[in-house]
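Peer 1: A structural model of the following input is requested.
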Amino acid sequence: MILAPLQSLLSELYALDVRYDVHDFLVTDSRIAAALDRDGRQLDEKLLIAEAAGEASVSLYLDAGLIDRLWKNNPACRLSSENLGDFWTALEGVSHFLYYAWNAVIEKSVTLLEMELQAEVDKFIGAVLLLQQQGERIPANLHNCLFDVPQFDARLDAQELDRYRSANRYAGKYCMKLAPQLQSAANQQELKEELCYFYRLPQPRKIRHIEAV
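Peer 2: I've put the predicted structure just below:
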């Protein structure tokens, strides 16, 4: 399955015991996604959640064209500039799914900003670790590409735009702090402990942790 390596990457990185398989929640038909998210923006990726009476219905929508491109140029085999954008889109979806599912299991509420912030961190860390596993050099402009020149959807309202900008800014600052550990094989255990600690912090403490850098 095309998303299995991405779920495994994040689950192992953060020591998550999530027994749900993201493929069981995957929707690729845009008509179904539109029916589940009436009046929502048309996107290549979105986590669809409906909560009621203490239960949640969850679907991860990923565009069928995106899935097809990932099959043809699988980043788990070789991550490159040609599939980096699709990799980040798919990983963002898996990140949203895992973060929501893991917190739901421990009955911890999460905010939209918290989910977006964690996904931005996951996109950068995931790309770095995958490139390292594949024996590739980390591009010098990777951080700049993700955090310094972001492109935001023109359809976002003011509140949504502020949330995405904040998530991008905080994640960029946090990932910059981690850069030395990411480059050193000797610090991998320390890096994992830091990431696991950060993952489990509630949003206010996440922000304070970043600002303390």
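
Peer 1: Could you point out which residue ranges in this protein have low pLDDT?
Peer 2: 184-186, 213 (pLDDT under 70).

Peer 1: Show me the helices in it, by range?
Peer 2: Taking DSSP state H as the test, the helices found in the chain are 4-14, 30-36, 64-72, 84-105, 112-133, 142-143, 158-183, 188-199, 203-211.

Peer 1: Leu47: which of the ones you listed is closest?
Peer 2: Nearest of the helices of the chain to Leu47, taken as Cβ to Cβ: helix 84-105 at 4.2 Å. In this view, the C-beta of every residue, glycine as well, is placed from N, C-alpha and C.

Peer 1: What residues sit buried inside the closest one?
Peer 2: Within helix 84-105, the residues scored as buried using 16 or more other Cβ atoms under 10 Å are 84, 86-104.

Peer 1: Need the phi and psi values for the residue of the chain positioned farthest from its centre.
Peer 2: Using Cα atoms, centre = their mean, the residue of the chain lying farthest from its centre is Ala53. It sits 27.6 Å away. With angles defined as degrees, to the nearest 10, Ala53 sits at phi 50, psi 40.

Peer 1: Kindly provide the distance from it to Pro150.
Peer 2: Distance of Ala53 to Pro150, computed by Cβ to Cβ, to the nearest Å: 38 Å.

Peer 1: count of neighbours near the closest residue in space to Ser57 that isn't next to it in sequence?
Peer 2: Distances taken as Cβ to Cβ, 6 or more residues apart in numbering place Ala50 nearest to Ser57, at 4.5 Å, with adjacent residues excluded. Residues near Ala50, counting by other Cβ atoms under 10 Å, number 11.

Peer 1: Kindly report the same for Asp44.
Peer 2: Neighbours of Asp44 using other Cβ under 10 Å come to 18.

Peer 1: Could you do the one 5 residues further on as well?
Peer 2: Other residues near Ile49 come to 16 when the count uses other Cβ under 10 Å.

Peer 1: same thing with Leu47?
Peer 2: 21.
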